[in-house]
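Novice: Build the 3D model from these lines:
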Amino acid sequence: MKACVLPSAWFGVGIVPCLLVLSGCLSPITLTRAVIAYDDAITESQSKQLLVNIARAQHHQPIHFTGVSNVAATFDFRFTAGATPALTGDASRTILPVIGGSVAENPTISIAPIEGEEFTKRLLTPFHEAKLTLLLRQGIDIDLLLRLMAKELRVNQSEGAIAYRNSPSDKVGYEMFRRVVLHLSAIQDHNSLYVEPLSVERSWTIPADSVTAEGFKALEQEYRVVYNAKDKTFTLRKQIEGGTLITNYDPNLLSREERARLQNENEQGLPHDVTFDIRPGHVGGDWPMKGDFRLRSFNAMLNFLGLSLSEEPEYHIEKDSRTPEVMENPVKTMDLILSTSAPSGLDLVMKSHGNYYAVNTTGPQARWNREAFKLLSQLFQMTVTEISRAGVPSITIAK
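Specialist: Next up, the predicted model:
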């Protein structure tokens, strides 16, 4: 910690310069400590709320979140100065300066419930495919993402799509889901997994006499315009970014017609469907397949984690024989510890419903579990709307 040292020569100069130096040293240090302390407290509060809501989901109780809408902290710096005779010396003729100071903190914290129709809709609405793509680009394991975010797998067959639920109570569906996710994970481990939005070119034809000079200039800014003298028309072309496609090959190497066909198929699905296409001749091509992952809502994720504690525990699934070697295959999407006594040596622990709930941050799967909880927190941030600072009931704590 940086300290203020007052040279003895200053005592003869005056007290005021010393006070100014003390104020300059203490203010930044106090502010830094306060900001970090409040940030740690708010982050810990959110983490424990996530654990509490997993406990509520386990007991089939409604989930609820509360957030800090505002923190206003004021600091009162007070300094005193004076002089007093020394207790020793010739007849106590030596005068020594006496300098004192104090810092008073007066925070006001506003706490508001996160509720209302908009938040409830976001809580119950399945995640959009673009959010999964965004997270994958941050380097998150695809098996962790899909095990947490996807509620089912739909594999295309000649007779139609077959659905496999990501639920341990559905033995056939759960085991198939896990094996397909492991297959994609193995492809990712070999740096051969592509998760990109399809880029296709769209074209439109309009009569040339329907476009004014001003309109033509506007069209040139948005489209590639080609004039057809034979039939006196304009052909407008524009590159369009389509839906996300998970592949074991580079989709940009496909022909324009093939990309357009895949995009048309992709558009038939829902906004929360993520399409995959694994083809022979590439890594993982020994098990070719095509289909969709249907994403779930944040509320469904909490229910999945809560039920996995007792009613629907996850279990080990071996990879398919056609799948390359995988680096990780944890039994649980997130290893949660449920104990009647406070566990030691763990970072994230919360008591609820008479038990202690904790994320297992020890052992060989510690990294996986930390990443799973961090992902859950990020998904919550993608779900929650900005907490209103006014106009809603709140709890204000003034210290």
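Novice: which SS state does E311 fall under?
Specialist: When classified by DSSP: H, G, I helix; E, B strand; the rest coil, E311 comes out as coil.
Novice: Okay, now the unreliable bits of this protein?
Specialist: Where the chain drops to pLDDT under 70, the residues are 1-31, 69-106, 201, 385-399.
Novice: now with 90?
Specialist: Where the chain drops to pLDDT under 90, the residues are 1-46, 63-122, 130, 133, 136-139, 156-161, 195-245, 251-271, 344-348, 382-399.
Novice: Do a quick rundown of the helices in it.
Specialist: With DSSP state H as the criterion, the chain has helices at 10-13, 15-58, 117-124, 129-136, 142-149, 171-189, 213-222, 256-267, 298-307, 366-383.
Novice: What's the local residue count around Y164?
Specialist: Applying other Cβ atoms under 10 Å, we find 20 residues neighbouring Y164. Backbone N, C-alpha and C define where each C-beta goes, glycine included.
Novice: ok, so what distance separates it from K151?
Specialist: Remark: distance between Y164 and K151 (Cβ to Cβ, to the nearest Å) = 10 Å.
Novice: One more: G284?
Specialist: 23 Å.
Novice: Also V349?
Specialist: With distances taken as Cβ to Cβ, V349 is found 29 Å from K151.
Novice: And for N266?
Specialist: Per Cβ to Cβ, N266 is found 19 Å from K151.
Novice: repeat for L145
Specialist: L145 is 13 Å from K151, where distance means Cβ to Cβ.
Novice: Next: F127.
Specialist: From F127 across to K151, the span is 10 Å (Cβ to Cβ).
Novice: Quick check: neighbours shared by these two?
Specialist: Common contact partners of F127 and K151 (Cβ atoms under 8 Å, 6 or more residues apart in numbering): L295, R296.
Novice: Quick check on these two: which one has the bigger neighbour count.
Specialist: Using other Cβ under 10 Å as the criterion, F127 and K151 rank with F127 on top: 23 against 19.
Novice: Can you report how many residues neighbour the closest residue to that one other than its chain neighbours?
Specialist: Spatial nearest neighbour of F127, chain neighbours left out: L295 (4.6 Å); criterion: Cβ to Cβ, 6 or more residues apart in numbering. Applying other Cβ under 10 Å, we find 26 residues neighbouring L295.
Novice: Report the beta-bridge partners for L295.
Specialist: Note on L295: beta-bridge partners by DSSP bridges are A150.
Novice: Enumerate every residue touching it.
Specialist: P126, F127, H128, E129, L132, M149, A150, K151, H272, D273, V274.
Novice: Using CSV, lay out the residues you listed together with distance to D40.
Specialist: As requested, the contacts of L295 are exported to CSV (distance: Cβ to Cβ, whole Å):
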residue, distance to D40
P126, 33
F127, 28
H128, 32
E129, 34
L132, 30
M149, 28
A150, 33
K151, 34
H272, 34
D273, 39
V274, 35
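Novice: Among these, find me the one that's closest to Y249.
Specialist: Using Cβ to Cβ, V274 is the member of these that lies nearest Y249, at 16.8 Å.
Novice: Give me the residues contacting stretch 122-141.
Specialist: Around stretch 122-141, the neighbours that count as contacts under Cβ under 8 Å, 6+ apart are 63, 142, 145, 149, 151, 185, 188, 195-197, 243-244, 270-274, 294-300, 328, 371, 375, 378-379, 382-385.
Novice: Likewise for stretch 357-367?
Specialist: For stretch 357-367, contacts defined as Cβ under 8 Å, 6+ apart pick out 51-52, 54-55, 330, 334-339, 343, 345-351, 369-370, 372-373.
Novice: what do you get if the cut-off is 6 Å, keeping everything else the same?
Specialist: Outside stretch 357-367, the residues that touch it by Cβ atoms under 6 Å, 6 or more residues apart in numbering are 51, 55, 330, 335, 337, 343, 346-350, 369-370, 373.
Novice: One more: stretch 42-50?
Specialist: Outside stretch 42-50, the residues within contact range by Cβ under 6 Å, 6+ apart are F65, V68, L348, M350.
Novice: run the last query once more with 10 Å
Specialist: 63-68, 71, 109, 111, 114, 302, 305, 347-352, 357, 359, 373-374, 376-377, 379-381, 384 (Cβ atoms under 10 Å, 6 or more residues apart in numbering).
Novice: cool, and stretch 153-163?
Specialist: Stretch 153-163 is contacted from outside by 146, 151-152, 164-166, 170, 173-174, 176-181, 265, 269, 273, 275-277, 289-294, using Cβ under 10 Å, 6+ apart.
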